[in-house]
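**Student:** have a look at this prediction, sequence included:
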There are 8 protein chains.
Amino acid sequence: GYAKVDLHRELRQGVPEVIYGSGKTPEQIMGIASAMRKNGVGTILITRLSTEAAEIVEKAIPLDYDEVSRLGIAGRKAEITSSGIIVVASAGTSDLPVAEEAARTAEALGNKVTRLYDVGVAGLHRLLSKLDVILKARVIVAVAGMEGALASVIGGLADCPVIAVPTSIGYGANFGGVSALLSMLNSCASGVSVVNIDNGFGAGFLASRINHLGDKE
Amino acid sequence: GYAKVDLHRELRQGVPEVIYGSGKTPEQIMGIASAMRKNGVGTILITRLSTEAAEIVEKAIPLDYDEVSRLGIAGRKAEITSSGIIVVASAGTSDLPVAEEAARTAEALGNKVTRLYDVGVAGLHRLLSKLDVILKARVIVAVAGMEGALASVIGGLADCPVIAVPTSIGYGANFGGVSALLSMLNSCASGVSVVNIDNGFGAGFLASRINHLGDKE
Amino acid sequence: GYAKVDLHRELRQGVPEVIYGSGKTPEQIMGIASAMRKNGVGTILITRLSTEAAEIVEKAIPLDYDEVSRLGIAGRKAEITSSGIIVVASAGTSDLPVAEEAARTAEALGNKVTRLYDVGVAGLHRLLSKLDVILKARVIVAVAGMEGALASVIGGLADCPVIAVPTSIGYGANFGGVSALLSMLNSCASGVSVVNIDNGFGAGFLASRINHLGDKE
Amino acid sequence: GYAKVDLHRELRQGVPEVIYGSGKTPEQIMGIASAMRKNGVGTILITRLSTEAAEIVEKAIPLDYDEVSRLGIAGRKAEITSSGIIVVASAGTSDLPVAEEAARTAEALGNKVTRLYDVGVAGLHRLLSKLDVILKARVIVAVAGMEGALASVIGGLADCPVIAVPTSIGYGANFGGVSALLSMLNSCASGVSVVNIDNGFGAGFLASRINHLGDKE
Amino acid sequence: GYAKVDLHRELRQGVPEVIYGSGKTPEQIMGIASAMRKNGVGTILITRLSTEAAEIVEKAIPLDYDEVSRLGIAGRKAEITSSGIIVVASAGTSDLPVAEEAARTAEALGNKVTRLYDVGVAGLHRLLSKLDVILKARVIVAVAGMEGALASVIGGLADCPVIAVPTSIGYGANFGGVSALLSMLNSCASGVSVVNIDNGFGAGFLASRINHLGDKE
Amino acid sequence: GYAKVDLHRELRQGVPEVIYGSGKTPEQIMGIASAMRKNGVGTILITRLSTEAAEIVEKAIPLDYDEVSRLGIAGRKAEITSSGIIVVASAGTSDLPVAEEAARTAEALGNKVTRLYDVGVAGLHRLLSKLDVILKARVIVAVAGMEGALASVIGGLADCPVIAVPTSIGYGANFGGVSALLSMLNSCASGVSVVNIDNGFGAGFLASRINHLGDKE
Amino acid sequence: GYAKVDLHRELRQGVPEVIYGSGKTPEQIMGIASAMRKNGVGTILITRLSTEAAEIVEKAIPLDYDEVSRLGIAGRKAEITSSGIIVVASAGTSDLPVAEEAARTAEALGNKVTRLYDVGVAGLHRLLSKLDVILKARVIVAVAGMEGALASVIGGLADCPVIAVPTSIGYGANFGGVSALLSMLNSCASGVSVVNIDNGFGAGFLASRINHLGDKE
Amino acid sequence: GYAKVDLHRELRQGVPEVIYGSGKTPEQIMGIASAMRKNGVGTILITRLSTEAAEIVEKAIPLDYDEVSRLGIAGRKAEITSSGIIVVASAGTSDLPVAEEAARTAEALGNKVTRLYDVGVAGLHRLLSKLDVILKARVIVAVAGMEGALASVIGGLADCPVIAVPTSIGYGANFGGVSALLSMLNSCASGVSVVNIDNGFGAGFLASRINHLGDKE
Ligand SMILES: Nc1ncnc2c1ncn2[C@@H]1O[C@H](COP(=O)(O)O)[C@@H](O)[C@H]1O
Ligand SMILES: Nc1ncnc2c1ncn2[C@@H]1O[C@H](COP(=O)(O)O)[C@@H](O)[C@H]1O
Ligand SMILES: Nc1ncnc2c1ncn2[C@@H]1O[C@H](COP(=O)(O)O)[C@@H](O)[C@H]1O
Ligand SMILES: Nc1ncnc2c1ncn2[C@@H]1O[C@H](COP(=O)(O)O)[C@@H](O)[C@H]1O
Ligand SMILES: [Mg+2]
Ligand SMILES: [Mg+2]
Ligand SMILES: [Mg+2]
Ligand SMILES: [Mg+2]
Ligand SMILES: [Mg+2]
Ligand SMILES: [Mg+2]
Ligand SMILES: [Mg+2]
Ligand SMILES: [Mg+2]
């Protein structure tokens, strides 16, 4: 009764439905995952899965679970299915969970991922010294909290699509990520689009979709 | 003194700097455009150009100007340089200016564009009857004001990247586009990213960048 | 001293006062319920009742308590007193508690209820395959968090009143339900009105009132 | 190109599409109205029509236009098709345009309407002296700006559905209608739902839908 | 070091400084209270004092502590020093803590207080049956959460100053008391002023100041 | 039809209804004023009356009109009916219109008013040199825009009720008066209450009510 | 009556009061300026002075008026009184008015100013090529609208105090400068502080104060 | 992997990178601190360090830890390197943690600091009696929550730069520090700039930078 799994989705959109773990009981998660497996879904992603829930789920379904990103992956390991490289860049050490959610989602969907972490604009040389990595990317995911300037700076350097992910990292007038969100929406650099605050999964998913375009046609 | 045109940009990013017409005098616009022409920029885009300013600028620089989108294009006409199709879909008649800014920007950057206008979710059959167009797109730009639900519905049907553009169309609790913006950021469909309210240019630009990826590699 | 139960209400409005359990001690709840029983109230509804409070109250007053919706019902079971059907539709699995609060409230007030759960717009076929249910409804309660698009889509399909309930489900720029609330207030579909975020009770109550209108006259 | 009139709507929902006049040129309005007439739509409603636009449209299509509510009605006059009464109550003199938009919309859709204007809660006897009118209503539309308390007070007196319409009337911390909107969403009276700020049309439309329910079954 | 108690205040303003207990350690509170006693302050008020802190403080300084309002009073009991009556009215059972903070503060400052609790506008007869109490008041404190309509209704009935106290009671779009705050600031009734959300102390203090004016001159 | 003047108000509350001129046509204003005169109202206040409307109204009803405060007064001049003094203090030259609305309203209701203008906290000596005036007041109205600190500073010096009026004067992050409003609501000085942004009328009215209390008993 | 010029200020703070021109009549401005001159103030600054007002004021008082920054300066020209250099950097051409207000204010207060305009982060090389200018500054004023990233990038490069000025330049989700304001308040670079949106004057004034510190001691 | 310590910073900006302790594990903190020590950083600041984390870190690296400000300092004690005095003033007892973070940061960076605590504007004499301290300062840090008026009052008295730090102290309409933040941004006193809510570290850092300017040139 509680769930109507969208089993058409793999057919319709190439990628199966993903389970949003937050606010679901381990029982609900296992129920949905089982239904998906019975319908032949090969790789199942569970996002925002707490360590406690993961431990329960793991007993029924073997799970590749990562504590930092809270991402759980059941089923067969993804093969690399695109020649392009996705770069995931993040501003500070505290943005790691969101950046890892993006990176691991992209990897689980068959992408090569290069990580560029702790390259925030307060020490610009850290980013500039990696200009070659940026210029080789087919898509870039830019993860930043606080003032979120990283997205604009990368947007001004890169020649590929940039997906900006504001994080809720910060305090006071960051208002749970609003400061970074508004920064990114108002980026003076063209070619930048934005997903929800802390939505590493969404960025990784979209990056994968873009990265597979070139090969698809 | 007033402007330091980014003449490296074409080299660095493949596309020259674009002139943001709003809040600039016709004289400033002509000054910047002249500097760009002297430096060999072939096609010059001027966004948010008022009819009055356009008339003055046109005397000095021949301009392909469109009143609805307020987009002015100087220089040689773009050739189609990508085999993919960009679909620009909009919810209501009043979203036209933003949708046209996206469509014309994409065309000026060398893309084939299919327009799907007035297909808002209050009369779903209008969109569903065009499912074939949606499934053939390489990128979709979804333009909507009010509750912005169009982006989510398209996001659930398409298998390509969807760029959502909230518009300021509406009144009362739409707060100048905030309702559509939040809707789109919270889209339950994966593969959707968002640009600023009324930023048709940004969406068209990004759509073009994505559409040219496949051919670039 | 602490409460002045509105005992006229059943006379004045056909339905007795309902106890809002949140922020009341079990003792206060029992005190109010006892006063109501002494005054001949047949069925007593207690909303937002925690499991802990329910256990204490149950010792004094037999209670039909549901953990998901946190609704407690004391007194005689309601009979169906309207021929119309109320459809309660919800977007995702996480919206269940609010949807159930609406459904159970309506049932406790004498209505037939059909549930349509997990029919969010990201997988439109799930909703479209139930078009017959939607067209047979006399009132529809549409429950959704995140971007709340479900209300608009149902509003465009149905020919009866639609009561939209935004939920606080989501994160980041959903701002505790504001994104769904604004979506629903700005619905481009006519015939949609809105109650407070997470107010399943209010929606169920109003749906019942509308559903009993036809028979009342 | 600019509009895809939803001509199915009368069939699907009993009432034809309504033209939202704001932000459309008189030419666009006439184009849409003509398309509707050709398809046999009997009565055409145009909301938020400026006096200037009305004068131009009237030359092509005979129009019953009201300056206060900015509502224009083309085509045959509606007959009363429901036995119920819709009461439209408003708090202050300045809320008149929104109240009239609701009242005239309801009349155009075949309803009997009773107006109760300038009955704000600062002088409660004005409302209480009309208690009989309130108790005879099948639906009530409560229109108020500033603190919007009228909806709660009526909600506590009436035994029928109350549709609350916040208006943007006021200044300072009313924030363009937000104060009344929040008041109404948080109404402590049950049976109240809310439409967008200044959305008299929406309230009139929904009131009509509810008022016709009883007779429909 | 940590506090510079304003010992002039009793001289300057007739009432000594009040200790804001929230966020202070029991040690800091005792330190400040001791300094005040040494300087001859007769009655010491401590607001927002948690039960735990009260227990510790009570060991050093005899305290009249009330758990509902979290108000602690040290020193000699206040005598009634004004002939006027302060009415404290509240909308719902959950507003009790704030209403009691106002009432007890006023009593501690030498005022006669009449309590009118649970008289919210959803059941208007509860308030109207106490019209005599309202008309006898020299000042009224109106405490309400949710839509805060009580202040306007009382403001329209009374002929004395009304101090409105919004409370944070409610959920969803009440935004922690913002809905009631805005309602009260936009009251259509004249003679109403507002203090901070949940600031029962401030209202009781101001009510006392107004109530003592008549006798002072 | 358009207005139901609250003619009981003078009886009920001692002061007749006041006409809120904003958004009313000169015809409506004259209609309401005439109705009031016929019912024996001696002094009629019209607030927020534009110069243009005043000129038209003046032809029918002799008017004492002040351009700065936009206040119009018809009928017999008020006599001083209280021995207390109301002090109206304002922070800057630009707050004058609001301060004058308060001062003239109070005068029209029979009060002695002392004006203290341009005494903002950036030059504290201007206020401190008037300490005697502040200490003699029975009520103080403190009018300030920008950061609104004047209310707190006066609140810390005075021993009488302080009514704070935030103004919309300022720019940028003052958000139309929100900065001053929040400052005043959060005043660390006790005895301060707040009315709506720019509501000089409300402050003058309440000040008069308080100032007449002492004499009433 | 309308103004109490703070004539002590030059003595107290070294710099005379500055006239805020916005919302003052030319007559008020001339009155205040005359009072200042009579009291021996040498240089008088008038900010936010419209061209129309400037023309009137100029007839009475010789004025050095600049249309872009809307700054008027009366009296003797300032001499350079500090050896340090203030750098005023701005992101885009549209930020010019605010940047010029800062620069001219600083010059009028006796500072050497170097301008770095149109060096926004979308084309980083423009800023990096001026690194020497940045490293020679004693104070930097960073002016930017949209996402305001310029302040963080400069803050990460410079070793002197950085005063960030958000501007209201942009549209949509920049909310009149809020996006840049929040960015700057959340800057991950240390040594950055912020003034109000569009407050070029405040930044120029503070920069001058800091720049004169070294020489003062 | 998780951190790319900006080891250039001491060279580039004179002061080494500071560790933001919030949201980092003790292990991450120790890792970063070790890397810094290996690179010869003499004094290491760790802000927002919880007592629990401090205890773990202290085992590996000797730490001067303060519980109130949650600041930890490793390495050699700073010597006074500027002749100027930094005054840290705070409004209430509850602002202590933020004020101490500013004061200790400044001391750790080689400054003489004078503390002026609990001098809020509700008892102005407390501040005025310290006017000599204010006039001797080379920089002032003004820390205040609630209405944040302290910054404006100090700004009007001092002749040196004032850095305002809004705190989140307060409740209700202080919205976690927004009221103080807006007050400070809108300060009518010149020479005041603002850092993020509760950002004592940022204020202390900037104060030090300004205080060392005079000696640097
Ligand atoms: N309508 C637009 N919306 C957002 N960004 C734009 C728009 N038009 C141009 N731009 C960007 O603004 C930059 C130019 O800004 P400016 O230096 O102020 O002319 C260009 O490089 C574009 O990337
Ligand atoms: N979950 C709910 N949400 C909104 N209103 C409610 C809810 N439950 C009860 N109510 C209303 O709150 C009133 C009781 O409030 P109280 O006096 O605080 O118990 C009832 O008369 C209902 O109309
Ligand atoms: N509950 C309260 N709400 C608002 N202000 C209060 C409250 N309790 C005390 N105060 C005020 O706060 C001041 C003390 O603040 P503090 O120095 O932080 O203890 C007192 O002088 C009172 O005027
Ligand atoms: N400037 C004003 N600000 C707030 N309330 C006002 C103002 N002027 C008049 N009022 C109130 O508004 C009521 C009249 O509203 P209305 O029926 O719209 O004319 C009067 O009874 C006054 O109490
Ligand atoms: Mg780092
Ligand atoms: Mg349409
Ligand atoms: Mg689902
Ligand atoms: Mg009226
Ligand atoms: Mg109750
Ligand atoms: Mg002044
Ligand atoms: Mg530029
Ligand atoms: Mg204190």
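**Tutor:** Structure's in. What do you need? Quick caveat: nothing in here was measured; it's all calculated off a predicted structure. Numbers count the residues shown, from 1 in each chain, chains lettered A, B, ... in the order given. Ligands and ions are numbered 1, 2, ... in the order given.

**Student:** any stretches of chain A with poor pLDDT?
**Tutor:** Scanning chain A for pLDDT under 70 picks out A:1, A:214-217.

**Student:** so which residues of it form helices?
**Tutor:** Along chain A, the segments classed as helices by DSSP state H run A:9-13, A:26-38, A:51-60, A:96-108, A:125-128, A:131-136, A:149-157, A:178-185, A:200-216.

**Student:** residue in chain A nearest to ligand 2?
**Tutor:** Proximity to ligand 2, evaluated over chain A using Cβ to the nearest ligand atom, is greatest for residue A:23 at 19.4 Å. Bear in mind the C-beta positions are built from the backbone N, C-alpha and C, glycine included.

**Student:** residue contacts, that residue?
**Tutor:** Residue A:23 makes contacts with C:94, C:169, as judged by Cβ atoms under 8 Å, 6 or more residues apart in numbering or on different chains.

**Student:** find the nearest non-adjacent residue to residue A:147, please.
**Tutor:** residue G:183 (4.1 Å; Cβ to Cβ, 6 or more residues apart in numbering or on different chains).

**Student:** does that neighbour touch residue G:153 like I think?
**Tutor:** No - here residue G:183 does not reach residue G:153: they are 11.0 Å apart, not a contact under Cβ atoms under 8 Å.

**Student:** who's more crowded, the two?
**Tutor:** The residue with more neighbours, out of residue G:183 and residue G:153, is residue G:183; 33 against 27, by other Cβ atoms under 10 Å in any protein chain shown.

**Student:** to ligand 1, which of the helices of chain A lies closest?
**Tutor:** Among the helices of chain A, helix A:149-157 sits nearest to ligand 1 (Cβ to the nearest ligand atom), with 8.9 Å.

**Student:** neighbours of the residue of chain A at minimum distance from ligand 7, how many?
**Tutor:** Chain A approaches ligand 7 most closely through residue A:3 (5.5 Å), counting by Cβ to the ion. Residue A:3: 18 surrounding residues under other Cβ under 10 Å.

**Student:** go on, residue A:65?
**Tutor:** When neighbours are counted by other Cβ under 10 Å, residue A:65 comes out with 19.

**Student:** residue A:78 now?
**Tutor:** For residue A:78, the count of nearby residues is 16 (other Cβ under 10 Å).

**Student:** wait, isn't it in contact with residue A:108?
**Tutor:** Yes - the criterion here is Cβ under 8 Å, and residue A:78 meets it with residue A:108 at 5.2 Å.

**Student:** ok, the residue nearest to the spatial centre of chain A - contacts?
**Tutor:** Central residue of chain A (Cα atoms, centre = their mean): residue A:102, 2.0 Å from the mean position. With contact set as Cβ under 8 Å, 6+ apart, residue A:102 has these partners: A:88, A:141, A:143, A:165, A:200, A:201, A:203, A:204, A:207.

**Student:** go with 7 Å
**Tutor:** A:88, A:141, A:143, A:165, A:200, A:203, A:204 (Cβ atoms under 7 Å, 6 or more residues apart in numbering or on different chains).

**Student:** who touches both of residue G:183 and residue G:153?
**Tutor:** What both residue G:183 and residue G:153 touch, as defined by Cβ under 7 Å, 6+ apart, is the set residue A:149.

**Student:** which residues are common contacts for residue A:78 and residue A:108?
**Tutor:** residue A:43.

**Student:** residues contacting the residue of chain A found nearest ligand 11?
**Tutor:** Residue nearest to ligand 11 within chain A (Cβ to the ion): residue A:188, separated by 8.2 Å. For residue A:188, the contact set (Cβ under 7 Å, 6+ apart) comprises A:152, G:91, G:92, G:120, G:122, G:146, G:147.

**Student:** if you set the cut-off to 8 Å instead, what comes out?
**Tutor:** Residue A:188 touches A:152, A:156, G:91, G:92, G:120, G:121, G:122, G:146, G:147, G:149, counting by Cβ under 8 Å, 6+ apart.

**Student:** the fifth one reaches residue G:94, doesn't it?
**Tutor:** Going back to what we said before, that points to residue G:120. No - under the criterion of Cβ under 8 Å, residue G:120 is not in contact with residue G:94, lying 10.3 Å apart.

**Student:** related to what we said a few turns ago, for the contacts of residue A:102, which one is nearest ligand 8?
**Tutor:** Within the contacts of residue A:102, proximity to ligand 8 (Cβ to the ion) peaks at residue A:165, which comes in at 51.6 Å.

**Student:** I figured the closest one was touching residue A:193, is that so?
**Tutor:** No - contact status for residue A:165 versus residue A:193: not in contact, 10.6 Å apart, counting by Cβ under 8 Å.

**Student:** the more surrounded of the two?
**Tutor:** residue A:165 (36 against 31).

**Student:** for that one, give the beta-bridge partners.
**Tutor:** Legend: beta-bridge partners of residue A:165 under DSSP bridges are residue A:143.

**Student:** what about the residue of chain A found nearest ligand 3, how many residues close to it?
**Tutor:** Per Cβ to the nearest ligand atom, residue A:172 is where chain A lies closest to ligand 3, at 19.9 Å. Burial of residue A:172 is recorded as 23 neighbouring residues (other Cβ under 10 Å).

**Student:** contacting residues around the closest residue to it other than its chain neighbours?
**Tutor:** Closest residue to residue A:172 in three dimensions, ignoring its sequence neighbours and counting by Cβ to Cβ, 6+ apart: residue H:197, at 3.0 Å. By Cβ under 8 Å, 6+ apart, the contact list for residue H:197 reads A:171, A:172, A:173, G:185, H:166, H:167, H:168, H:176, H:177, H:178, H:180, H:181.

**Student:** doesn't residue H:196 make contact with the first one?
**Tutor:** Yes - at 7.2 Å, residue A:171 and residue H:196 qualify as touching, with contact defined as Cβ under 8 Å.

**Student:** what's the closest non-adjacent residue to whichever residue of chain A sits closest to ligand 1?
**Tutor:** Closest approach between chain A and ligand 1, counting by Cβ to the nearest ligand atom: residue A:190, at 4.0 Å. What sits nearest to residue A:190 in space, not counting adjacent residues and going by Cβ to Cβ, 6+ apart, is residue B:205, at 4.6 Å.

**Student:** count of neighbours near the closest residue to residue A:7 other than its chain neighbours?
**Tutor:** In this structure, residue A:7 finds its nearest non-sequential neighbour in residue A:39, 5.0 Å apart by Cβ to Cβ, 6+ apart. For residue A:39, the neighbour count with other Cβ under 10 Å is 11.

**Student:** how close does residue A:39 sit to residue F:12?
**Tutor:** Distance of residue A:39 to residue F:12, computed by Cβ to Cβ, to the nearest Å: 71 Å.
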